[in-house]
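Asker: Here you go, sequence then predicted model.
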Amino acid sequence: MTILIDQPELIGSRAEDQNLQEQTNELVLDGGFVVPKTMPNDGFVAPEINSFGKTFRDYNAECERQKSVAEFYRLQHINQTYDFVKKMREEYAKLDKAEMSIWECCELLNEVVDESDPDLDEPQIQHLLQSAEAIRKDYPDEDWLHLTALIHDLGKVLTLPKFGGLPQWAVVGDTFPLGCAFDESNVHHKYFKENPDSNNPAYNTKNGIYTEGCGLDNVMISWGHDDYMYLVAKENGTTLPSAGLFIVRYHSFYPLHKEGAYAHLMNEEDKENLKWLQVFNKYDLYSKSKVLVDVEKVKPYYLSLIEKYFPAKLRW
């Protein structure tokens, strides 16, 4: 099945570059997600602070949450090696951990809290629905994008015993390429000096083992929930467009879509899909809120999307 989608405008052109209209009251989406009316008619306005009262993605603020996040990245940067990722891809490609529907997996996420996230400590299913509902408001005709938001973090079930009980450093956090030099734009870059790959000359140049323009499909990205959910979706025959799969696979690749690092490895298809990832990213990051979505109210809509784009049961 082929789905044709219009390319979005580049990030910043929808919301940031338009004059805000001063309006009162609030909009409440179907799920109870509150969106301020002081915003452009056709764009999402990011809040300035997260649910802890801090700046979003502030990895330097002095607080207990930030200290635990720093320790998370220390372990991640030391242990995510090229050989480790290769081993994980081979193991989880078997898709022998479970058989269940997309919605069943959504409900499993109630048991997961992401230790790498400095902005949120709510159950993950709320983050999925907050992101999806915010996108649904601004892009009502792109139902594939609504569903992509719903499923983008489902791979975090890797932390649960049934799925291998992987440590958080092997499941969440920003992702980055292995097999080439660790770019300084990676958060807490200093910890990479203890990664064994740092001592491998073949991996210590800008291109490393890759060639410029080789395409991200050919690059070994650190293992985690992104790559796992991409694998599950692809191997189970989803009909989501390539942009949706790209978002699922690379939404944690902040060095690329926030800092522009590693762009030399992308091919033309990657560059087109990146436009949609940049749109998605602001909803993924800035929709995190203490205002909870009414799950049962929005469930029928998302079940209809799941039926449209996925089989009833998937191998995980």
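Answerer: Looks like it came in fine. Numbers count the residues shown, from 1 in each chain.

Asker: from memory Gly165 sits against Val112, does it?
Answerer: No: counting by C-beta atoms under 8 Å, Gly165 stays clear of Val112, with 11.7 Å between them. Any C-beta I mention is one placed from the backbone N, CA and C, and that applies to glycine too.

Asker: So which of the two has more stuff around it?
Answerer: Each of Gly165 and Val112 has its neighbours counted (other C-beta atoms under 10 Å); Val112 has more, 21 against 10.

Asker: Next up, the contacts around that one.
Answerer: Val112 makes contacts with 123-124, 156-157, 159-160, as judged by C-beta atoms under 8 Å, 6 or more residues apart in numbering.

Asker: and of those, the nearest to Lys271?
Answerer: Using C-beta to C-beta, Lys156 comes nearest to Lys271 of those, at 27.8 Å.

Asker: distance of Leu160 from Tyr301?
Answerer: From Leu160 across to Tyr301, the span is 26 Å (C-beta to C-beta, to the nearest Å).

Asker: Repeat that for Arg315.
Answerer: Distance of Arg315 to Tyr301, computed by C-beta to C-beta: 25 Å.

Asker: And for Glu90?
Answerer: Using C-beta to C-beta, one obtains 37 Å as the distance from Glu90 to Tyr301.

Asker: Of these two, give the one with the bigger neighbour count.
Answerer: The neighbour comparison of Glu90 against Tyr301 (other C-beta under 10 Å) goes to Tyr301, with 18 against 9.

Asker: The more buried one: helix or strand, and which one exactly?
Answerer: Taking DSSP states H and E as the definition, one finds Tyr301 inside helix 295-309.

Asker: How far does that helix sit from its chain's centre?
Answerer: Centre-to-centre, helix 295-309 and its host chain are 20 Å apart (C-alpha atoms, centre = their mean, to the nearest Å).

Asker: other SSEs contacting that helix?
Answerer: Using 3 or more C-beta pairs under 8 Å, 6 or more residues apart in numbering; DSSP states H and E as the contact test, the elements touching helix 295-309 are helix 102-108, helix 124-138, helix 143-151.

Asker: intersection of neighbour lists for Gly165 and Val112?
Answerer: Thr159.

Asker: tell me which residues in the helix holding Tyr301 are buried?
Answerer: For helix 295-309, burial by neighbour count (16 or more other C-beta atoms under 10 Å) applies to 295, 298, 301-302, 305-306, 309.

Asker: ok, of the contacts of Val112, which come out buried?
Answerer: The neighbour-count criterion (16+ other C-beta under 10 Å) marks 124, 156-157, 159-160 among the contacts of Val112 as buried.

Asker: Which of those scores worst on pLDDT?
Answerer: Least confident by pLDDT among these: that is Gln124, with 73.

Asker: and the closest residue to that residue other than its chain neighbours, what is it in contact with?
Answerer: Sequence neighbours aside, Leu109 is the residue nearest to Gln124 in space, at 4.0 Å (criterion: C-beta to C-beta, 6 or more residues apart in numbering). For Leu109, the contact set (C-beta under 8 Å, 6+ apart) comprises 123-125, 128, 153-154, 156-157.

Asker: Over to His225?
Answerer: 153-158, 171-172, 252.

Asker: Pick the one among those residues closest to Asp227.
Answerer: For the contacts of His225, the minimum distance to Asp227 (C-beta to C-beta) is 7.5 Å, reached by Gly155.

Asker: Helices of the stretch 151-300 of the chain, start to end?
Answerer: 225-235, 242-250, 254-257, 268-286, 295-309 (DSSP state H, counting those that start in this stretch).

Asker: So which elements touch the third one?
Answerer: Other helices and strands packing on helix 254-257, by 3+ C-beta pairs under 8 Å, 6+ apart, are helix 268-286.

Asker: now for the helix it packs on, which elements pack on it?
Answerer: helix 124-138, helix 143-151, helix 242-250, helix 254-257.

Asker: which regions of the protein lie under the pLDDT threshold?
Answerer: By pLDDT under 70, the weakly predicted segments of the chain are 1-65, 113-123, 286-290.

Asker: could you list every residue that touches the residue most central in space within it?
Answerer: Nearest to the mean C-alpha position of the chain, by C-alpha atoms, centre = their mean, lies His251 at 3.4 Å. Shown in contact with His251 (C-beta under 8 Å, 6+ apart): 152, 226, 277, 280-281, 284.

Asker: quick one: contacts for Leu160?
Answerer: Residues in contact with Leu160 (C-beta under 8 Å, 6+ apart) are 108, 111-112.
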